[in-house]
Every structure is written in C-alpha cells, then in structure tokens.
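Quick one, fold the following:
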Amino acid sequence: MTSRTVETTLRVRFAETDAQAVVYHANYLIYFEIGRAEYLRAQGFDYRAMEAAGTNFVVAEARATYRAPLRYDDEIVVSTRVAEVRHRSFTFAYEIRRGEALVSTGTTAHVCVDGEGRAITIPAELRALLEG
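Residues are numbered from 1 along each chain as shown. Predicted coordinates for the structure are as follows:
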C-alpha cells in the first residue's frame, strides 16, 4: 500500500485526562480521527462533496494499543497512513508519538455506504486518493 504518511501535531488538553491525570483511553480514537481528517485534507479530498453526492464512509472497526501514558499539555504527533484498500472498505494505520517515544498505535477500518447505509464500492475519486 501507499507509503504516504501525514503527521499532525496536537497538544493534550486537560479535558482529555481522567482522574489519574492521564489521557482517557477513548480519546486516542479522537486523535486517530483528527489524523484521518488531516490526512484526507492534505490530499485535497472534499468530504462534504462526497456526502452531498450520497456517499459516506463509516467506522466498522477500531483498534488501539497503548504503550505509554499521555498527560495534560504533552505535545504529540499523530502519523496517519493508508494500510489497506479493498473493494468496499479501507483501513488507516496510526502512530502517536511524544517526542521520540511511541505511545500508541492503532487502526480504523471503514466501509463506504450509500445514503441508506448499504455498503457500496469505494468511489473512484476516493480510491485513487487512498491508493496514492
């Protein structure tokens, strides 16, 4: 698959931490979403236009591995790349780093759907972007 990677720099907000003063585990999925949106934006993809044309893609699976905690005000880099493209679905892979330290890895699998929520073939424009 493509080796194109987009890096997005974020800073951990206080609201993302839990009672133990570390980032709550579900917030890593939000970091993945930010990385995914920035990946698509960097490729010039217009998600709103795709939605207006009656196509969407939904998250079918999400996985995260936690290697080290993140805390308030940590500066992190979310690296996002396309890991796999299939007929109706595709997968993004993510790495989250604090400096040189790898703190989390993960993937999200997405299925293209029509306005009724039925799985459809990935539109040609999106496929071309994903396959790089």
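
looking at this protein, which helix or strand is least sure?
helix 47-52 (a mean of 82; mean pLDDT, DSSP states H and E).

Tell me how far it lies from the chain's centre.
Centroid separation for helix 47-52 versus its chain: 18 Å, with Cα atoms, centre = their mean, to the nearest Å.

what do you get for stretch 35-43?
8 Å.

and that stretch, which residues are buried?
35, 36, 38, 39, 40 (16 or more other Cβ atoms under 10 Å). In this view, the C-beta of every residue, glycine as well, is placed from N, C-alpha and C.

any idea what the third one is structurally, helix, strand or coil?
Think residue 38. helix (DSSP: H, G, I helix; E, B strand; the rest coil).

what about it, distance to residue 28?
Residue 38 is 16 Å from residue 28, where distance means Cβ to Cβ, to the nearest Å.

now swap in residue 58 and tell me
Residue 58 is 19 Å from residue 28, by Cβ to Cβ.

who has more neighbours, those two?
Higher neighbour count among residue 58 and residue 28: residue 28, with 23 against 12, using other Cβ atoms under 10 Å.

Does anything pack onto the one helix or strand that one maps to? Which helices or strands?
In the assignment (DSSP states H and E), residue 28 maps to helix 27-42. Packing partners of helix 27-42 (3 or more Cβ pairs under 8 Å, 6 or more residues apart in numbering; DSSP states H and E): strand 5-11, strand 55-66, strand 75-85, strand 89-98, strand 101-114.

Same question for the third one: list its buried residues.
By 16+ other Cβ under 10 Å, the buried positions in strand 75-85 come out as 76, 78, 79, 80, 81, 82, 85.
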